[in-house]
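Chemist: fold the stuff below for me.
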Amino acid sequence: MLAESDGAEAVRLARSAVESSLARPERRDAAAEFRTVPLPAVFDEPRGVFVTLRRHPNGDLRGCIGFPSAVFPLRAAIPRAARSAALDDPRFPPVRAVELNSLRLEVSILTVPEVIDATPRRELVRKVTVGRDGLIVDRSGASGLLLPQVPKEFGWDAAEFLSATCEKAGLDPEAWLSPATTVRRFEAEVFEELSPGGAVRRETLD
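Modeler: Numbers count the residues shown, from 1 in each chain. Have a look, this model is predicted:
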């Protein structure tokens with residue numbers, strides 16, 4: 001578990017990366033300038049991470065991209081995810097510098113995803129804890145991921161969460177009922193700004 005101070009540092013790092021990327025969009029590797037910046041030891045550990053941008057104060061989504069697997073240390077994963085969330089999320093136009101002071105940042109640090117299964121498949125709903133678990137579904141090259149905070153935001157139960165994750169992958173909502181679909185779960189520590197560039201708190205998901 002990250003300390004509160006580490007979570008605050010993670011969010012500050014994400015904001016710094018977005019600011020730098022907006023100032024120099026031609027620089028493709030947002031992690032380059034943070035390779036030698038002094039950071040707590042945990043930032044040298046590979047972790048899965050997502051960075052979410054939300055409009056303030058209504059909380060509407062403005063971008064969210066990340067790495068489900070621990071492919072980069074946090075000092076690299078967070079800036080790269082932050083840049084992509086701001087500039088490369090295909091659901092939204094790129095963030096403009098004038099917007100940044102009205103956007104709140106959120107960083108989710110992920111555990112290693114684990115496969116879950118059940119027989120019959122409908123019993124999967126008993127193995128998904130809304131408010132704790134995030135989900136990934138994979139089938140025939142299609143993949144979808146939803147963070148643990150998403151079902152809480154929309155008031156979904158476990159079955160609705162499974163179906164929504166399938167839809168995120170471009171699959172039929174009931175694809176999770178097929179053994180051909182791999183379902184994985186993970187947990188996340190979520191840290192969010194209370195206001196743009198302001199104080200950071202740990203988000204309680206359950």
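
Chemist: from here on, contacts and neighbour counts on C-alpha atoms
Modeler: Will do.

Chemist: regarding the protein, what is its longest helix?
Modeler: helix 4-23 (DSSP state H).

Chemist: burial of the closest residue to residue 174 other than its chain neighbours, as a residue count?
Modeler: Excluding the flanking residues, the one nearest residue 174 by C-alpha to C-alpha, 6 or more residues apart in numbering is residue 163, at 5.8 Å. A count of nearby residues for residue 163, using other C-alpha atoms under 10 Å, gives 20.

Chemist: over to residue 201?
Modeler: 17.

Chemist: what pLDDT does it get?
Modeler: The per-residue pLDDT reported for residue 201 equals 97.

Chemist: what's the pLDDT at the most centrally placed residue in the chain?
Modeler: The centroid of the chain falls nearest to residue 50 when counting by C-alpha atoms, centre = their mean (2.8 Å). Note on residue 50: pLDDT of 98.

Chemist: show me where this protein dips below the pLDDT cut-off.
Modeler: 206 (pLDDT under 70).

Chemist: can you give me the strands in it?
Modeler: Here the chain has its strands, by DSSP state E, at 48-55, 61-67, 103-110, 114-116, 134-139, 142-146, 182-186, 188-193, 200-202.

Chemist: residue 83: what's it in contact with?
Modeler: The contact partners of residue 83, by C-alpha atoms under 8 Å, 6 or more residues apart in numbering, come to 17, 18, 21, 30.

Chemist: again, only this time at 10 Å
Modeler: Contacts for residue 83 (C-alpha atoms under 10 Å, 6 or more residues apart in numbering) come out as 14-22, 25, 28-31, 51, 64-66, 89, 94-95.

Chemist: pull out the buried members of these.
Modeler: 14-22, 30-31, 51, 64-66, 89, 94-95 (16 or more other C-alpha atoms under 10 Å).
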